[in-house]
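A.B. asks: Pasting the sequence and the predicted coordinates here, then a few questions.
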Amino acid sequence: MKNFDILIVGGGLAGLSAALNAPPRLKVAVISKVHPLRSHSVAAQGGINAALGNNPDGKDDSWKKHAYDTVKGSDFLADQDAVNLMCKSAIPALYEMDGLGAPFSRFTDGCIAQRPFGGAGYPRTCYAADRTGMVLLHTLYEQCIRKNVHFHDEWLVTNLVVHEGRCQGVVAYDLASGKIMPLKAKAVIFATGGYGRVYLRSTNAFINLGSGIGMAYKAGIPLKDMEFVQFHPTSLYGKNILITEGARGEGGYLYNNKGRRFMEDYAPSAMELAPRDIVARAIQTEIDKGNGIDDRFVHLDLRHLGREKLLKRLPGIRDICLLFAGIDLIDSPIPIEPAQHYSMGGIDVDATCASSVEGFYAAGECACISVHGANRLGGNSLLDAVVFGKIAGRTAGEYVEGAAEDNRFDRVIVQHAAEWNTKVETLMAKDGGENIYKLLFELKDVMSEKTGIFRSKKNLEEALQAISTLRERYQNAYIFGSCRRYCQEFVTLVEFDSMLDIAEVIVLGAINREETRGSHFRLDFDKRNDDDWLKHTLVTPSEKGPVIGYKDVTLGEYEPVERKY
């Protein structure tokens, strides 16, 4: 059995930030389903927010203005103390990344360049062309290698081991050997990312099945605000590859089939730079009204920006359009449609990233602190991952340094690993049953069609019934092959269990929240209701099924008002 002081599950920005900031004298390991440089953070394009004031139009910016934009963008569901912490930490975090060697784009005077993003009062999004996530991830990975952090690449964690209210470690599947291994740790940090592939149309990587969130839930840790699912307004039609918000930040226009900039009907002041929930609903409404091109998509037009600017600011987006749509954005508009993009909800943790279980922490998209509330602003996800990843590493380090060595429950982790070995052997022995990929795509269809941008009680109840039926069929799932090494069928089968839980929690939260707020739009309750619903949803597992509870939003100096853009 391997033994660590701190075990970080997930090799994206939050995980690497945690690893880099854990105390150097501790034995720290990162375990990742893929090589860290293939984590989904690498796909983040547009930028990371910080009120540096470098843009000539942002000289009056401040962390407090950043905080207000974040709270307003969240439809006032974000916890304001956590938002203040994130926005205040943003400025030193950006300069730290700059000092570590992140190659940000620059203005002519050499300072870090900043562009406008949706829902922001000032151009505060720092960027590296349209590959910001990639350069930040590479920078942190280099520093973790320099620090001699232990990496276990291509390992899938199968369950979180909690005993007597304390996290003991994890059980993991080593894809290369096919073995199930017990891993003991004094503290465990989950930085496992989102669950985008619960939906059919998603900008997320295929690895984003959400099992980290599901494992924490199965271990008895509440999930918070899971009904709030962000749909990005601009994904490439048919492929759903992300087309960065930076494209609109640089001045892109949205047109319907009448050649009209329709955002003036939905957000007359902000236009294309309204928050994502508003723009996504506007696009979908235009398509549903028959104003889409071929009734399927709308156009994002960048041609007026000019060849030189596009090649300098959006080279990655041009490559995507050339490779996956056969068009050149320099002389053709981009066909786009909304797609699932981000989870505002996740594992319930506080602003120190600590959960209700001793020794267990979470950061990044899998966690809900909550700094995004009902809708995340573009540019705040990378910031969330860097800032709270750092906090998680330090908090876990302080806990470990104050904890005594305890070997009493080593047998518990070994027992969990033995149970998983038995489970794998049983699965391999089955010669028929339900095809796990068929179940997976049926779940994706249900979530996209019944729990999408627009929701109603009828559709949500139908989704809940369909999930229940899929759960019954899942009990008969089997693995077609017989080799345990790099068995992706086994990976999918393990993670599908978590996906069912995640889908159920999303739908239950959406059924119960009888209002419209941020990304959660109820056709049958189309107004925000602060009197009854200015509160977080908490869902906890029990033997009788999910138990729904609520928790007050932490308010501050920003009182809820109607959002106008």
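C.D. replies: Here it is on my side, so go on.
A.B. asks: so what's the backbone phi/psi at residue 108?
C.D. replies: Residue 108 adopts backbone torsions of phi -60, psi -20, taken as degrees, to the nearest 10.
A.B. asks: Stretch 490-506: how far from the chain's middle?
C.D. replies: From the chain centre to the centre of stretch 490-506 is a distance of 16 Å (C-alpha atoms, centre = their mean, to the nearest Å).
A.B. asks: What of stretch 524-540?
C.D. replies: Between the centre of stretch 524-540 and the centre of its host chain there is 22 Å, according to C-alpha atoms, centre = their mean.
A.B. asks: Start and end of it, how far apart?
C.D. replies: Start-to-end span of stretch 524-540 (C-alpha to C-alpha, to the nearest Å) is 26 Å.
A.B. asks: Buried residues, it. List them.
C.D. replies: Residues of stretch 524-540 classed as buried: 525, 528, 530, 533, 534, 536, 537, 538, 539, 540 (neighbour count, 16 or more other C-beta atoms under 10 Å). C-betas here are computed from N, CA, C, even on glycine.
A.B. asks: Ok, stretch 164-175 next?
C.D. replies: For stretch 164-175, by 16+ other C-beta under 10 Å, it's 167, 168, 169, 170, 171, 172, 173, 174, 175.
A.B. asks: Ranking helices and strands of the protein by mean pLDDT, which lands last?
C.D. replies: helix 410-429 (a mean of 91; mean pLDDT, DSSP states H and E).
A.B. asks: What helices and strands are in contact with the helix or strand following that helix?
C.D. replies: Downstream of helix 410-429, the first helix or strand assigned by DSSP states H and E is strand 434-435. Counting contacts by 3 or more C-beta pairs under 8 Å, 6 or more residues apart in numbering; DSSP states H and E, strand 434-435 is packed against strand 477-478.
A.B. asks: can you rerun that using 10 Å?
C.D. replies: helix 457-474, strand 477-478 (3 or more C-beta pairs under 10 Å, 6 or more residues apart in numbering; DSSP states H and E).
A.B. asks: I'd like to know which elements the shortest one is packed against.
C.D. replies: In terms of contacts (3+ C-beta pairs under 10 Å, 6+ apart), strand 477-478 is packed against helix 410-429, strand 434-435, helix 436-450, helix 488-512.
A.B. asks: hey, which of these is tucked in deepest?
C.D. replies: Among those, the stretch with the highest mean neighbour count (mean count of other C-beta atoms under 10 Å) is helix 488-512, at a mean of 22.
A.B. asks: what's the average pLDDT for stretch 464-477?
C.D. replies: Stretch 464-477 comes out with an average pLDDT of 97.
A.B. asks: scratch that, stretch 359-374 is what I was asking about
C.D. replies: For stretch 359-374, the mean per-residue pLDDT is 98.
A.B. asks: Send me that stretch as PDB with only the CA atoms.
C.D. replies: Below are the C-alpha coordinates for stretch 359-374, written out as PDB (Å, rounded to 0.1, in the frame of the first residue of the first chain):
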ATOM      1  CA  GLY A 359      -8.900  15.400   6.100                       C
ATOM      2  CA  PHE A 360     -10.900  15.800   2.800                       C
ATOM      3  CA  TYR A 361     -10.700  19.000   0.700                       C
ATOM      4  CA  ALA A 362     -11.900  20.000  -2.800                       C
ATOM      5  CA  ALA A 363     -11.000  22.800  -5.200                       C
ATOM      6  CA  GLY A 364     -11.700  23.900  -8.800                       C
ATOM      7  CA  GLU A 365     -14.800  23.000 -10.800                       C
ATOM      8  CA  CYS A 366     -15.600  19.900  -8.700                       C
ATOM      9  CA  ALA A 367     -16.000  22.100  -5.600                       C
ATOM     10  CA  CYS A 368     -18.700  24.600  -4.700                       C
ATOM     11  CA  ILE A 369     -17.300  27.300  -2.400                       C
ATOM     12  CA  SER A 370     -19.500  29.200  -3.700                       C
ATOM     13  CA  VAL A 371     -18.000  32.000  -5.800                       C
ATOM     14  CA  HIS A 372     -20.000  31.500  -9.000                       C
ATOM     15  CA  GLY A 373     -23.500  31.300  -7.500                       C
ATOM     16  CA  ALA A 374     -26.200  30.700 -10.200                       C
END
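A.B. asks: contacting residues around the residue lying closest to residue 333 once chain neighbours are set aside?
C.D. replies: Nearest residue to residue 333, sequence neighbours excluded (C-beta to C-beta, 6 or more residues apart in numbering): residue 299, at 3.8 Å. Contacts for residue 299 (C-beta atoms under 10 Å, 6 or more residues apart in numbering) come out as 237, 252-257, 259, 292-293, 332-336.
A.B. asks: Let me know the closest of these to residue 265.
C.D. replies: Taking C-beta to C-beta as the measure, residue 256 is the one of the contacts of residue 299 closest to residue 265, at 9.9 Å.
A.B. asks: Burial check on that closest one, number of neighbours?
C.D. replies: 22 (other C-beta atoms under 10 Å).
A.B. asks: Can you lay out the helices and strands packed on strand 477-478 as TSV showing distance to residue 319?
C.D. replies: TSV is the format used below for these (distance: least, C-beta to C-beta, whole Å):
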stretch	distance to residue 319
helix 410-429	41
strand 434-435	35
helix 436-450	27
helix 488-512	27
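A.B. asks: Quick check: neighbours of the longest strand along the chain in the sheet, parallel or antiparallel?
C.D. replies: Secondary structure of the chain per DSSP state E: the longest strand is strand 179-190. Partners of strand 179-190 in the sheet, by DSSP bridges, are strand 2-9 (parallel), strand 166-174 (antiparallel), strand 360-362 (parallel).
A.B. asks: I'd like the average pLDDT over the second one.
C.D. replies: I take that to be strand 166-174. 96.
A.B. asks: And the helices and strands packed on strand 434-435: which comes nearest residue 552?
C.D. replies: helix 457-474 (24.8 Å).
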